[in-house]
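J.: pasted the sequence and its predicted model underneath.
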Amino acid sequence: MTTSAEKPAATAEQVEAAWNDNKLAQVLYHDWEAATYDEKWSISYDERCVTYARDRFTDVAGDQGWPYGKSLEIGAGTGFFTLNLKLAGVMDEAHVTDLSPGMVEAAKKNAKTLGFAIEGRVADAEKLPYDDDTFDLVIGHAVIHHIPDVELAFREMLRVLKPGGRFVICGEPTRYGDFIARRLSRLTWWATTNVTKLPALSGWRRPQAELDESSRAAALEAVVDLHTFDPDTLARMATRAGAVEVKTVTEELTAAWLGWPIRTFEAAVPEQKLGFGWRMFAYKSWLQLSKVDKVLANVVPDELYYNVSITGVAPVRGGGVGKE
């Protein structure tokens, strides 16, 4: 297992420069996160995460046209979305890109472990290094909120898609959902780090150096998280970029209210204190609340949910409409 001490360290000069150069900040932050990202977010490549990724995809885009012949992921990170969707049978040939070299290497390593061969490139989603009409599918998960010019990124997705090809972007934060989640996280961090100062609970406190490192990471994360979205506004942005058949769905209301404090608590206490039983409690609780959230969607406005997903189709040249 890679420890935080083994993470690549940015120089003080790089960190200083990153505050005024967002794309440098993106590279530094995600390179730093690459070694332990899967562990941090409980990412795996098994039935649990295959089901999660597949359900996210089908909720917004359905399951017609599988497998897509050639897929590209923007901001792929360690490969979570592409690799789990490939395991689910969504695509045949997989390509991944990320602004972070560390993330691209992590994705390729994960693919190799699973027995896949994927193509990976370091690339900016605002200027993709591919020819027009190259891919049948473009995907992303929790990525466009990092991109300075989201509409330009949509234009690039549509450019590299074949006519009738589809993009599917999932897991993006909504404006109100993110507002609530961040405040719950801050409250959890404050409560946990203060309560564990008590002598009787000192064994539940991470070493101060690790807590300080987490605080620095959170500060840099605030720099790289550029946007939150209103679902309707996001749909209009994709339409302006040229997409047709645009659709959004939202998910996670009460599940996010539980999930974010759990993640924050896990970051604040020693890992060995939280065993298999805790992980199963967290996962099953999230599943049950996700079911509740689907029912509440009938009465709760979509902009209050934490995540928004969006799909659209590249128009057929000459003004036609892309195929389903």
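T.: Good, I have the coordinates.
J.: C-alpha only now, for contacts and for neighbours.
T.: Noted.
J.: what mean pLDDT does stretch 124-138 get?
T.: Average pLDDT, stretch 124-138: 98.
J.: kindly tell me how buried Q288 is, as a neighbour count.
T.: 12 (other CA atoms under 10 Å).
J.: try D92
T.: So D92, with other CA under 10 Å, has 14 neighbours.
J.: again with the one 3 residues further on
T.: The tally of other residues near H95 (other CA under 10 Å) stands at 20.
J.: give the contact list for it.
T.: 70-73, 118-120 (CA atoms under 8 Å, 6 or more residues apart in numbering).
J.: give me the buried subset of the residues you listed.
T.: Buried by 16 or more other CA atoms under 10 Å: 70-73, 118, 120, out of the contacts of H95.
J.: now for the residue most central in space within the chain: which residues touch it?
T.: Closest residue to the average C-alpha location of the chain: A142 at 2.7 Å, with CA atoms, centre = their mean. A142 makes contact with 169-173 under the criterion CA under 8 Å, 6+ apart.
J.: can you pull out the strands in this protein?
T.: 68-73, 91-98, 119-122, 135-141, 161-173, 244-251, 307-313 (DSSP state E).
J.: got the ones you listed as TSV, with distance to D31 columns?
T.: Rendered in TSV, the data for the strands of the chain read as follows (distance: least, CA to CA, whole Å):
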stretch	distance to D31
strand 68-73	18
strand 91-98	10
strand 119-122	12
strand 135-141	17
strand 161-173	21
strand 244-251	29
strand 307-313	25
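J.: those: which one's closest to D38?
T.: Smallest distance to D38 across the strands of the chain (CA to CA): 13.9 Å, for strand 135-141.
J.: just checking, what packs against that closest one?
T.: In terms of contacts (3 or more CA pairs under 8 Å, 6 or more residues apart in numbering; DSSP states H and E), strand 135-141 is packed against strand 68-73, helix 80-87, strand 161-173.
J.: okay, these in CSV with mean pLDDT next?
T.: Below are the helices and strands packed on strand 135-141 laid out as CSV (pLDDT from 0 to 100):
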stretch, mean pLDDT
strand 68-73, 98
helix 80-87, 98
strand 161-173, 98
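J.: out of the buried ones among the contacts of H95, who's nearest L289?
T.: E73 (28.9 Å).
J.: what pairs with that closest one across the strands?
T.: V96, I139 (DSSP bridges).
J.: now do it against A297, distance only.
T.: 29 Å (CA to CA, to the nearest Å).
J.: so for K284, which of the strands of the chain sits nearest?
T.: Nearest of these (CA to CA): strand 244-251, 16.5 Å.
J.: about what we covered before: can I get the helices and strands packed on strand 135-141 in JSON lines including distance to E266?
T.: Formatted as JSON lines, these follow (distance: least, CA to CA, whole Å):
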{"stretch": "strand 68-73", "distance to E266": "29"}
{"stretch": "helix 80-87", "distance to E266": "20"}
{"stretch": "strand 161-173", "distance to E266": "21"}
